[in-house]
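1. Sequence and predicted structure are below.
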Amino acid sequence: MNPSVNKAQESPYLYLAPLRGLTDHLFRECFSTYFDGFDCAIAPFINPQRHSSFSNKHLADILPENNRNMLIIPQILHTDSDDFLFLCERIADLGYTEVNWNLGCPMPMVAGKKRGSGFLPYPDEIISVLDTVIPKMKLQLSIKTRLGYGRIGETAELLPRLDDYPLKEIIIHARLGKQLYKGSTNPDHFNECSNLTRHQLVYNGDIITIDGFRQLQEKLPCINRWMIGRGAIANPFLPSAIKQCADDIVVDFSLLRTYHDDLYARYASKLSGPAHILGRMKQVWQYLIVLFPASKKQLKSINKAHSLEKFEKAVEELFRSAQN
């Protein structure tokens, strides 16, 4: 079981969460060019493909040449042991020493196939996969999961059984899979989970403000590893503020604009066509708009933009209004 040592005085170790369609290598490399705070990132899961050779095209997001600025850990979604092991071999060939197994994705198209959090109601099958792959793996294995898929307690019941395996750590998003990203997180139940395992735990879920993070630190004094996803996309200054134990976050809109324009340029150079570029940038703005609380009209203009020119004009107006 985890020792009850207060880690609140140690510098927190921060992970960038894997958000499929958002935190790819283009985003990670751009983010880390302008903002500090993250120690590591879990890459979004590699799309499972049966009996695939996993060419460099399939693995583009984790290729070392695409990840020079930020330490990353690849993530896999497989529940078939043979395919799991084959992909781990390819990842090891790229020079990685650790892989993360996704038992937490809540998206219906994933969970409905008994993958991600949809695999949690089948603990015997999870154990069977581990029994097969652990003895043959060259990589260290960590797991990212949720409190359960359909009910609180599914992960709590699994955790003691995971003590038999040499896992690097277990990341728990403090929601159920069926919640997706809705409703409240449940740090109290996360805390109960910390007493059911010998493994190091990482807390994930709704770290979006300095005050909220400090409340979690007080509630979870034995935890010093934290994962931030949507909170960092919404406020890129948050991770460094947490690292620096800042009392508040000062938003530098000039730096934010430089970061935004660089990210836009990277997407424009790599993605195929205006619709794809606009789709990605609109996703980013669904979060980033929190730094512009009086700008709902401009967000509407961004969402309605059907050309790059109209998008650029809406963004220009948004930043101008913020700096006035």
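-> Received, thanks. Computed from a prediction, not measured in an experiment: that's the story for all the values here. Numbers count the residues shown, from 1 in each chain.

2. CA atoms for contacts and neighbours, from now on please.
-> Fine.

3. residues contacting residue 202?
-> 169, 170, 171, 172, 223, 224, 225, 226, 227 (Cα atoms under 8 Å, 6 or more residues apart in numbering).

4. mind redoing it with 6 Å?
-> Residues near residue 202 by Cα atoms under 6 Å, 6 or more residues apart in numbering: 171, 225, 226.

5. quick one: contacts of stretch 115-131?
-> 81, 102, 103, 104, 105, 106, 111, 149, 177.

6. Let me know the next secondary structure element after the least confident helix or strand in the chain by mean pLDDT.
-> In the chain, no helix or strand scores lower on mean pLDDT, DSSP states H and E than helix 296-304, which sits at a mean of 86. Next along the chain after helix 296-304, taking DSSP states H and E as the criterion, comes helix 308-323.

7. How far off centre is that next one?
-> The chain centroid and the centroid of helix 308-323 are separated by 28 Å, computed with Cα atoms, centre = their mean, to the nearest Å.

8. Show the pLDDT at residue 48.
-> We have a pLDDT of 84 for residue 48.

9. Type out the ChimeraX command that picks the buried ones from the contacts of stretch 115-131.
-> Here is the ChimeraX command that selects the buried residues among these (16 or more other Cα atoms under 10 Å):
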select :102,103,104,105,106,111,149,177
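
10. Residue 272: which of the contacts of stretch 115-131 is nearest?
-> residue 105 (26.5 Å; Cα to Cα).

11. Other residues contacting the helix or strand where residue 256 lies?
-> In the assignment (DSSP H and E), residue 256 maps to helix 253-270. Where contact means Cα under 6 Å, 6+ apart, the residues beyond helix 253-270 that reach it are residue 277.

12. So for that helix, mean pLDDT?
-> For helix 253-270, the mean per-residue pLDDT is 97.

13. after it, next one along is what?
-> helix 274-288.

14. so that next one versus helix 253-270, what angle?
-> Angle, helix 274-288 to helix 253-270, by axes from the mean of the first three to the mean of the last three Cα atoms, to 10 degrees: 150 degrees.

15. Now do helix 274-288: everything it contacts.
-> By Cα under 6 Å, 6+ apart, helix 274-288 touches 234, 267, 268.

16. Which single one of those is nearest to residue 209?
-> residue 234 (10.3 Å).

17. what's the spacing between residue 101 and residue 282?
-> 29 Å (Cα to Cα, to the nearest Å).

18. do residue 319 as well
-> Counting by Cα to Cα, the gap from residue 319 to residue 282 is 15 Å.

19. what's the answer for residue 288, then?
-> Residue 288 sits 10 Å away from residue 282, going by Cα to Cα.

20. what's the answer for residue 298, then?
-> Residue 298 is 12 Å from residue 282, where distance means Cα to Cα.

21. all strands in the stretch 101-250 of the chain, in order from the N-terminus.
-> Assigned by DSSP state E, counting those that start in this stretch, the stretch 101-250 of the chain shows strands spanning 140-148, 170-176, 201-204, 225-228.

22. So for the first one, mean pLDDT?
-> Put plainly, it is strand 140-148. The average pLDDT within strand 140-148 is 98.

23. What residues sit buried inside it?
-> In terms of neighbour count (16+ other Cα under 10 Å), strand 140-148 has its buried residues at 141, 142, 143, 144, 145, 146, 147, 148.

24. just to revisit the earlier point, so which of the strands of the stretch 101-250 of the chain gets nearest residue 58?
-> Set against residue 58 and scored by Cα to Cα, these come closest in strand 140-148, at 21.1 Å.

25. who does the closest one pair up with?
-> Here strand 140-148 has these sheet partners by DSSP bridges: strand 98-103 (parallel), strand 170-176 (parallel).

26. Let's have those strands in TSV, adding distance to residue 313 and mean pLDDT.
-> Listed next are those as TSV, based on distance: least, Cα to Cα, whole Å; pLDDT from 0 to 100:
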stretch	distance to residue 313	mean pLDDT
strand 98-103	39	98
strand 170-176	38	98
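
27. per the record, what domains does the chain have?
-> Following the assignment in automatic domain parsing, the chain carries domains at 13-243, 253-323.

28. winner for burial among those domains?
-> Of all the domains of the chain, domain 13-243 has the most neighbours on average by mean count of other Cα atoms under 10 Å, namely a mean of 19.

29. and the end-to-end length of it?
-> Across domain 13-243, the terminal residues are separated by 8 Å (Cα to Cα).

30. what do you get for stretch 219-229?
-> The first and last residues of stretch 219-229 sit 20 Å apart, counting by Cα to Cα.
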